[in-house]
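In: model the following, please.
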Amino acid sequence: FFRLCCRMWRGRIVPHSKGIWRCRTVCPQAMCCFSNLPDHPDHFTLLQCERKFNLDAKQLTAALWRLQKEHHPDKLHNRPAEEQEAARELSMRINSAYKILKNPHSRAVYMLQLNGIDTLHTKLDMQFLEQMMTLMGRVQFVGEMDAAKREELQQISAENSALHEELLLQLDSAFSSADLHQAEQLTGKLKFLINVRELVKEKLHGSDWSSTEKH
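Out: Numbers count the residues shown, from 1 in each chain. Modelled structure (predicted):
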């Protein structure tokens, strides 16, 4: 990867002797936005936010727009092709980092990956799995939609949402205390809750009734 200074928008960047991009001139700030990044910065570093689970969505979005404005490839339309390509790559990495960090599940998975944990092989306790299978079964066996069935799906959705919110709090606590085993378990459970939510939405939207439930 390359490093780009916060003054990149002025069009004064040149390739470093080691293949790292740096400003032609010294940045006047004590710490440049990107000049001190490691060769492969993690998503939190790239978006200049604290590495924690409980991120402020508005602040994260503000960081995205600020960085994209500062480092948009269009600002280098009259620069050499290699500099334009460097800007495009940085822009794509910023977007990719944002998409991962804005979603609680993908954020948790990513944080575990940074600690060398692969969630693809997480084993969850049978009690929780049975609970999820029961919930999903209730949704799948809902027949022709009528007022009673809509109410039943809304009840399932409410139960699932309550579990979802509680689990997010537990995840924040687990990551804050560096309890990675607990965080891994909770991340696996979160995926099931998301699947139930999507299944409920599919049922509701598949009927003649327009759901008012939001993500």
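In: which residues sit in contact with His77?
Out: By C-beta atoms under 8 Å, 6 or more residues apart in numbering, the contact list for His77 reads Gln84. From N, CA and C alone the C-beta is placed, and that goes for glycine too.
In: could you export stretch 113-127 as PDB, CA atoms only?
Out: Written as PDB, here are the backbone C-alpha positions of stretch 113-127 (Å, rounded to 0.1, in the frame of the first residue of the first chain):
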ATOM      1  CA  GLN A 113      -9.700 -11.000  12.300                       C
ATOM      2  CA  LEU A 114      -7.300  -8.300  13.400                       C
ATOM      3  CA  ASN A 115      -6.800 -10.600  16.400                       C
ATOM      4  CA  GLY A 116      -6.300 -13.700  14.300                       C
ATOM      5  CA  ILE A 117      -9.700 -15.200  14.900                       C
ATOM      6  CA  ASP A 118     -11.600 -16.800  12.000                       C
ATOM      7  CA  THR A 119     -15.400 -16.700  12.700                       C
ATOM      8  CA  LEU A 120     -16.100 -19.200   9.900                       C
ATOM      9  CA  HIS A 121     -15.400 -22.000  12.400                       C
ATOM     10  CA  THR A 122     -17.100 -20.600  15.500                       C
ATOM     11  CA  LYS A 123     -19.100 -23.200  17.400                       C
ATOM     12  CA  LEU A 124     -22.200 -21.900  19.200                       C
ATOM     13  CA  ASP A 125     -23.900 -23.500  22.200                       C
ATOM     14  CA  MET A 126     -26.800 -25.800  21.400                       C
ATOM     15  CA  GLN A 127     -29.300 -23.900  23.500                       C
END
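In: can you list contacts of that stretch?
Out: Asp42, Arg51, Val109, Leu112, Leu180, Glu184, Gln185, Thr187, Gly188, Lys189, Phe192.
In: pLDDT of it, averaged?
Out: Averaged over stretch 113-127, pLDDT sits at 92.
In: what does stretch 90-101 give?
Out: Per-residue pLDDT over stretch 90-101 has a mean of 93.
In: and for it, what are the contacting residues?
Out: 1-2, 4, 43-44, 46-47, 49, 55, 60-61, 63-64, 67-68, 71-73, 106-107, 110.
In: change it to 7 Å
Out: 4, 43, 46-47, 55, 60, 64, 67-68, 71-73, 106-107, 110 (C-beta atoms under 7 Å, 6 or more residues apart in numbering).
In: quick one on the thing from earlier: looking at the contacts of stretch 113-127, state which has the most neighbours.
Out: Thr187 (25 neighbours; other C-beta atoms under 10 Å).
In: was I right about that residue contacting Leu112?
Out: Yes. Thr187 is within contact range of Leu112, at 6.3 Å (criterion: C-beta atoms under 7 Å).
In: following element in sequence after the lengthiest helix in the chain, please.
Out: Secondary structure of the chain per DSSP state H: the longest helix is helix 147-176. Next along the chain after helix 147-176, taking DSSP states H and E as the criterion, comes helix 180-205.
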